[in-house]
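Trainee: Give me a model of this one.
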Amino acid sequence: MSVEVATNGTIFAAFLEQVLLPELRRRKPDAVLVMDNLRPHKTAEVRAVLDRSGFPYRYLPQYSPDLDPMEPAWAKVKSELRRVGARTVDALQEAIGPALGSITPRDAVGFFRHCGYICPD
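Mentor: Below is the predicted model of the structure:
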């Protein structure tokens, strides 16, 4: 899901309800959501969606890039977008899916391990 405006609580709640939570229910019903402290992640609307979801959720400590596996993930995505030269909205829309898809399950495990989390093989 991509949007052409800054993310707010309403947009993030919609992402949770329409994209992430249904996919987690289908593929990983025992998942725990871990989020950073971006303001839209902590609105009353988002907390209500999360509370209704049945999934446990946790927030990382106040900005802690060393503990946030999203930092190396976004670094890889941004590197891929720079590599393909996605410099317009249309080019970005076309390139974002493949850039996100460049993060492999092995990468994800590595990002979590790099941040100090224990991950099963």
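Trainee: need the contact list for Val19.
Mentor: Val19 is in contact with Met1, counting by C-beta atoms under 8 Å, 6 or more residues apart in numbering. To be clear about C-beta, it is placed using only N, CA and C from the backbone, and glycine gets the same treatment.
Trainee: Quickly note the distance from it to Pro61.
Mentor: Going from Val19 to Pro61 by C-beta to C-beta, to the nearest Å gives 26 Å.
Trainee: same question, Pro98
Mentor: Pro98 is 33 Å from Pro61, by C-beta to C-beta.
Trainee: And these two? Which one has more around it.
Mentor: For Pro98 versus Pro61, neighbours defined as other C-beta atoms under 10 Å are more numerous around Pro98 (13 against 9).
Trainee: give the contact list for that one.
Mentor: By C-beta under 8 Å, 6+ apart, the contact list for Pro98 reads Glu80, Val84.
Trainee: Pull out the buried positions in the helix or strand it falls within.
Mentor: Here Pro98, judged by DSSP states H and E, is contained in helix 89-101. Going by neighbour count (16 or more other C-beta atoms under 10 Å), the buried part of helix 89-101 is Ala95, Ile96, Ala99.
Trainee: wait, isn't the second one in contact with Ser2?
Mentor: It refers to Ile96. Yes. Here Ile96 lies in contact with Ser2, judged by C-beta atoms under 8 Å, at a distance of 5.9 Å.
Trainee: Just the pLDDT for Asp30.
Mentor: You'll see Asp30 listed with a pLDDT of 95.
Trainee: start at 27 instead
Mentor: All set: I'll call the first residue 27, so the last point we hit is now Asp56.
Trainee: And this protein, what are its domain boundaries?
Mentor: 27-89, 90-147 (automatic domain parsing).
Trainee: which residues of the protein fall in strands?
Mentor: 59-61, 83-85 (DSSP state E).
Trainee: Nearest to Ile144, out of these?
Mentor: strand 59-61 (13.3 Å; C-beta to C-beta).
Trainee: quick one: the closest one to chain centroid distance?
Mentor: 8 Å (C-alpha atoms, centre = their mean, to the nearest Å).
Trainee: For that strand, name the packing helices and strands.
Mentor: If contacts are counted by 3 or more C-beta pairs under 8 Å, 6 or more residues apart in numbering; DSSP states H and E, strand 59-61 sits against strand 83-85.
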